[in-house]
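> Sequence first, predicted model second:
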Amino acid sequence: MDKYGVLKHYFGYDTFKPGQSELIDSILSGRDALGVMPTGSGKSLCYQIPAMLLPGISLILSPLISLMKDQVGALVQSGVPAAYLNSSLSATQQAAVLRRALNGAYKILYVAPERLNSEDFLGFALNTGLSMLTVDEAHCISHWGHDFRPSYLKITEFISRLQYRPVISAFTATATAKVRSDIAHALTFKDPFVLVTGFDRKNLYFEVRKPASKAAELIKYIRSHAGSGIVYCATRKSVEQVTRELQDHGFSATRYHAGLTDSERRENQDDFLYDKKTIMVATNAFGMGIDKSNVSYVLHYHMPKNIESYYQEAGRSGRDGERAECVILYSPKDVLLNRFLIENSQETNEALTAEERETIKENELDLLKQMTFYCTTGDCLRSFILEYFGEQAPVYCGHCGSCDTVFESTDVTVEAQKIISCVIRINRMNRSFGRSMIADILHGSKNARIIDSGMDKLPTYATMSDDSLHRIRIIMDYMIENQYLRISGSEYPVVIPGRRAIEIVKQNTPVFMKLPMAKKAAKPKPVKASRHPDEELFNKLKALRTHLALKAGVPPYVVFSNAVLSEMCLKLPCTKDELLNVSGIGPIKCERYGDSFMRLIKDHIESVSEN
């Protein structure tokens, strides 16, 4: 059997996606390979297919237990002899897996990097024929990646202890040129084949919103967006708060963060994967390697720390190729929160020196600046992301929040003068306040704190009463980003004059900023046509899929993806030959599930014809 035979027999596809064939050929020829491919582009097939064709067994190094479980479950459903070895198994079960692996029962074995240097596993590796070692989520090995994990440094030591060197492959969805170079160096690649297929995922819509109330905006957004979604929060506390808020409003939401027990995390994740819950609220501890295909939106309640992690997390939507949305609810406070988390990280990387840890921290702060620029730009968001990864991009994509919004350059010189005057007068009184307090003073609020502190006597009090508080804050944020003002202090951040304040105070330099033009009342949109040729049949197929998945103990998408069900609706296969013509259905799954789906389709056709 060749690579095309494996592709069809086990995975049900007739053709390869861009980059897959070249990477597979490289590995089969014995050449090391690095593949950088966006989420949903089929990275896993690039090492799973060679593993089936190479002699002996292939090791897949994976960072998360849940990732291993899901990928092995999907492989077994497709007829691939695979297993995983991690701490979720008892000592007896682990011994049994190693024994079966030594006896040639598996072609693919998933393990965590931490296990590599244990003596029992090393003994196994030295006594079996390792054909390939694959590093999944390879950005984790780079000091300059967004998710560096010291445990990945064990890989090189493990390779050096082997009696012979297997072919080494590595894959990730996000890696800048600097990170790619670091991966190749850390894994001691020899003349590697490096392929970057591109970072653009055209079905994803990117947007940054700056709401006055994040909680209200979140509820409004989810009410208008059906389907499964992920809401990312920066802290465990905010995960708890957002989950309660959603549940109080009647949404089917669950939660995931490192503060929960292993069993609760596993149960909540399964509820989301099995479509028992439609919304997952989580920290960045959730999602790596999750292959749920029908996530229709990823919403970030707080701005992430960097572009790489954002694109990884946002990329968990739209894996079925359908249009999906990636939205950030941005507030300037997010910058301070992330800076605090970076500077007060409790992680101790014993493999690194104090100087190396400090260098990494400085790098993380630089990455945070790039993320902040993304959230505050008025330019094309897709272009910003692609250029960040070194890919040439059009100035206008026509499919992001910036390109959909008409901005106009607005003269805010007078407003800037009022704001800077207020800040300077407060500083001269040896007082200082945060953004909200200064905005309230300028707007003319009569709250007790302003009256009690005498700020209502300032000459600048209420000088911007005609402006909304939201507009005042937007202009202040622009002034902070452009160094007319700056934030001082981390525990109690206050606003003070910035290095460019003199341009407004003494030089009368005009200040222009991009502001969204007022939108005209939108005309009612026509009812959107169904995404599927037969919505009734599609829903029946989904229900059958869920039933079969529960019986098999796997998530529904492991049985068949939404894309497969959509093609069934179009082709209406009633024989095995017709079913095998549906992309994503191979002989194994046809044999396992075909009769049930064909029977349902026949019954549906008969019921429609009778009516």
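Thanks, I have it.
> buried sites along the strand or helix carrying residue 386?
Per DSSP states H and E, residue 386 falls inside helix 381-388. Residues 381-386, 388 are the ones in helix 381-388 that count as buried (16 or more other Cβ atoms under 10 Å). C-betas here are computed from N, CA, C, even on glycine.
> pLDDT and distance to residue 245 for those residues - can I get that in CSV?
Output for those, formatted as CSV (pLDDT from 0 to 100; distance: Cβ to Cβ, whole Å):
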residue, pLDDT, distance to residue 245
381, 92, 27
382, 91, 30
383, 87, 34
384, 90, 30
385, 92, 29
386, 90, 34
388, 88, 32
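> any residues touching the helix holding residue 386, and which ones?
Outside helix 381-388, the residues within contact range by Cβ atoms under 8 Å, 6 or more residues apart in numbering are 176, 199-200, 206-208, 307, 311, 370, 373-374, 377, 392-397, 399-403.
> next SSE after it?
By DSSP H and E, the next helix or strand past helix 381-388 is helix 401-404.
> Are there helices or strands packed against that following helix, and which ones?
Judged by 3 or more Cβ pairs under 8 Å, 6 or more residues apart in numbering; DSSP states H and E, the packing partners of helix 401-404 are strand 204-209, helix 381-388.
> mean confidence score for it?
The average pLDDT for helix 401-404 rounds to 85.
> Just the C-alphas of it, formatted as PDB.
This file holds the C-alpha atoms of helix 401-404, laid out as PDB (Å, rounded to 0.1, in the frame of the first residue of the first chain):
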ATOM      1  CA  GLY A 401     -13.600  44.000  11.700                       C
ATOM      2  CA  SER A 402     -11.400  46.700  10.400                       C
ATOM      3  CA  CYS A 403     -12.100  46.200   6.700                       C
ATOM      4  CA  ASP A 404     -15.900  46.000   7.500                       C
END
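> What are the buried residues along it?
Buried residues in helix 401-404, defined by neighbour count with 16+ other Cβ under 10 Å: 401-403.
> Now find how far off-centre that helix is within its chain.
Average the C-alpha atoms of helix 401-404, do the same for its chain, and the two points are 21 Å apart (Cα atoms, centre = their mean, to the nearest Å).
> Residues in contact with it: which ones?
Contacts for helix 401-404 (Cβ under 8 Å, 6+ apart): 205-209, 327, 377-382, 396-398.
> Filter those down to the buried ones and express that as a ChimeraX selection.
Selection of the buried residues among those in ChimeraX, burial being defined by 16+ other Cβ under 10 Å:
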select :205,206,207,208,209,327,379,380,381,382,397
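> Can you list the low-confidence ranges for this protein?
By pLDDT under 70, the low-scoring segments of the chain are 144-147, 289, 346-352, 490-491, 516-533, 611.
> how's it carved up into domains?
Annotated domains of the chain cover 3-196, 204-376, 408-516, 535-610 [automatic domain parsing].
> From start to finish, how long is the first one in a straight line?
Looking back up the chat, that one is domain 3-196. Domain 3-196 has an end-to-end distance of 21 Å (criterion: Cα to Cα, to the nearest Å).
> Please apply the same query to the shortest one.
Between the opening and closing residues of domain 535-610 lies a distance of 18 Å (Cα to Cα).
> Going along the chain, name the strands of the stretch 51-200 of the chain.
Assigned by DSSP state E, counting those that start in this stretch, the strands in the stretch 51-200 of the chain fall at 57-61, 82-85, 108-111, 130-135, 167-172, 193-196.
> can I get these in CSV with mean neighbour count and distance to residue 498?
Output for the strands of the stretch 51-200 of the chain, formatted as CSV (neighbours: other Cβ atoms under 10 Å; distance: least, Cβ to Cβ, whole Å):
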stretch, mean neighbour count, distance to residue 498
strand 57-61, 26, 47
strand 82-85, 23, 53
strand 108-111, 24, 51
strand 130-135, 24, 44
strand 167-172, 25, 38
strand 193-196, 17, 39
